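Asks: Could you work out the structure for the sequence below:
(one chain, ligands or ions: 1)
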Amino acid sequence: MIEAAGLTKRFGSKTAVDSITFSVQPGKVTGFLGPNGAGKSTTMRLIVGLDHPTAGKVIVNGKPYDRHRMPLHEVGALLEAKAAHPKRSAYNHLRAMAATEGIPASRVKEVIELTGLGPAARKRVGGFSLGMGQRLGIAAALLGDPQTLILDEPVNGLDPEGVKWVRFLVKGLAAEGRTVFISSHLMSEMAVTADHLIVIGRGRILADAPIDEVLTSGQKERVLVRADDADALAAAVGSPGVEVRRTAADELEILGLPARSIAETAFTRGILITGLIPQQETLEDAYMELTGGEVEYRSGPVSEQALPAAEGQGK
Ligand SMILES: Nc1ncnc2c1ncn2[C@@H]1O[C@H](COP(=O)(O)OP(=O)(O)OP(=O)(O)O)[C@@H](O)[C@H]1O
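Replies: Below is the predicted model of the structure:
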């Protein structure tokens, strides 16, 4: 179990993590979701003692991370891919880690098998793709067969097969009663992987609830309606709590009323409805609703002048 209380981290004038309190329970996958710069990695680094809080505290399995005598057996963490020495082979990297806590070579072989690293295990880590680096990071996290796993964006760089594999792996680990805390900026991934979600934006917790609750909270019914006289319909349905947007000359998007009551209103006013389509709120809509005001880096329109420079980057 992970328990944070008033956890705060400031870098100069920047507050990366702003007095957050939460607990991550064993036996389920808890997703840690938030846009870029929300404070996910910083929180995870605080949990495993790689950074020290400015205020508040966080404990794992009852103690601060660095008070555990055999931390690899307590907490496995994937914090940044390719944390290994580039000239070392994956096998030697894992062996060296294992040696620090007396973990046998047989376990190193096991995690290599488990993470599909087999064919690359003797190759230098420096030549690894992002995906292979992620697999190695996950192998390292699993080495001590820990009760708690903390994985920062584990599907980053993985191919679809790899993404599925991570999903299956973390669900299996949670089903064994372990605590699994996994960060992502992708709602779609969390929706199929996590049982519980903690949503963070600008260092603050925006939601902390079972996944189904997060996905359905704050949803307003949304219906797309086509009518011969859209103006008359807009006037007829207008009331506090109902939002009406004009999407075309004969089309309205109505929020806050079920389709049936729109149809009834139109019927009693003699307005002909030619289309009535209830809209499903997408996962991304739910996510945007939660994090909308809390995004640090917002995409803007790409100007034509900006394009050549952007193309030149990374070459
Ligand atoms: N060492 C540091 N020095 C200064 N600012 C930092 C440092 N580490 C993180 N920050 C800032 O703290 C904020 C939170 O960063 P963090 O990396 O924790 O976010 P994140 O949610 O993990 O984002 P991403 O999804 O982009 O990895 C950002 O504004 C970031 O620029």
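Asks: Give me the most central residue, the chain.
Replies: Ser184 (2.6 Å; C-alpha atoms, centre = their mean).
Asks: where exactly do the helices run in the protein?
Replies: Chain-ordered helices for the chain, with DSSP state H as the definition, fall at 40-47, 71-74, 90-99, 105-114, 130-142, 160-175, 187-193, 211-216, 230-237, 259-269, 283-291, 306-312.
Asks: OK, contacts around the residue nearest to Asp229 when sequence neighbours are not counted?
Replies: Among residues not flanking Asp229 along the chain, Ile271 sits closest, at 5.4 Å (C-beta to C-beta, 6 or more residues apart in numbering). In short, each C-beta sits where N, CA and C put it, glycine included. Ile271 makes contact with 227-229, 232-233, 236, according to C-beta atoms under 8 Å, 6 or more residues apart in numbering.
Asks: let's see 6 Å
Replies: By C-beta atoms under 6 Å, 6 or more residues apart in numbering, Ile271 lies in contact with 227, 229, 232-233.
Asks: remind me which residues of this structure are low pLDDT?
Replies: 81-83, 217-219, 280-284, 293-315 (pLDDT under 70).
Asks: Quick check: the residue nearest to Asp229 vs Ala232, distance?
Replies: The gap separating Ile271 from Ala232 is 5 Å, by C-beta to C-beta, to the nearest Å.
Asks: With Glu251 instead?
Replies: Counting by C-beta to C-beta, the gap from Glu251 to Ala232 is 14 Å.
Asks: do the same with Thr193
Replies: For Thr193, the distance to Ala232 equals 47 Å [C-beta to C-beta].
Asks: which parts of the stretch 51-200 of the chain sit against the ligand?
Replies: His185 (C-beta under 6 Å from any ligand atom).
Asks: pretty sure Thr8 is touching Val58, no?
Replies: No. At 10.5 Å, Thr8 does not count as touching Val58 under the criterion of C-beta atoms under 6 Å.
Asks: Looking at those two, which is more packed in?
Replies: Using other C-beta atoms under 10 Å, the more surrounded residue of Thr8 and Val58 is Val58, with 23 against 18.
Asks: could I get the helices of the chain as CSV with mean neighbour count and distance to Gly201?
Replies: Listed next are the helices of the chain as CSV, based on neighbours: other C-beta atoms under 10 Å; distance: least, C-beta to C-beta, whole Å:
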stretch, mean neighbour count, distance to Gly201
helix 40-47, 23, 10
helix 71-74, 19, 30
helix 90-99, 19, 34
helix 105-114, 16, 34
helix 130-142, 23, 25
helix 160-175, 16, 23
helix 187-193, 19, 13
helix 211-216, 17, 13
helix 230-237, 17, 33
helix 259-269, 15, 32
helix 283-291, 18, 5
helix 306-312, 9, 26
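Asks: residues in contact with the closest residue to Arg88 other than its chain neighbours?
Replies: Of all residues not flanking Arg88 in the chain, Val125 sits nearest, at 5.7 Å (C-beta to C-beta, 6+ apart). By C-beta under 6 Å, 6+ apart, Val125 lies in contact with 84, 86, 88, 90.
Asks: what's the closest non-adjacent residue to the second one?
Replies: Among residues not flanking Pro86 along the chain, Gly126 sits closest, at 3.0 Å (C-beta to C-beta, 6+ apart).
Asks: sorry, back to before: dump the helices of the chain to a markdown table, plus distance to Val223.
Replies: Output for these, formatted as a markdown table (distance: least, C-beta to C-beta, whole Å):
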| stretch | distance to Val223 |
| --- | --- |
| helix 40-47 | 35 |
| helix 71-74 | 51 |
| helix 90-99 | 54 |
| helix 105-114 | 48 |
| helix 130-142 | 42 |
| helix 160-175 | 34 |
| helix 187-193 | 23 |
| helix 211-216 | 17 |
| helix 230-237 | 10 |
| helix 259-269 | 5 |
| helix 283-291 | 14 |
| helix 306-312 | 39 |
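Asks: To Pro154, which of those lies closest?
Replies: Nearest of the helices of the chain to Pro154, taken as C-beta to C-beta: helix 160-175 at 5.1 Å.
Asks: now that closest one against helix 105-114, angle please.
Replies: Counting by axes from the mean of the first three to the mean of the last three C-alpha atoms, to 10 degrees, helix 160-175 lies at 130 degrees to helix 105-114.
Asks: between helix 160-175 and helix 130-142, how big is the angle?
Replies: 10 degrees.
Asks: which residues are contacting helix 160-175?
Replies: In contact with helix 160-175 (C-beta under 6 Å, 6+ apart) are residues 28-29, 131, 154-155, 180, 182, 193.
Asks: Which members of the residues you listed are the farthest-apart pair?
Replies: Maximum pairwise distance in those, criterion C-beta to C-beta, is 26.2 Å, between Lys28 and Gly131.
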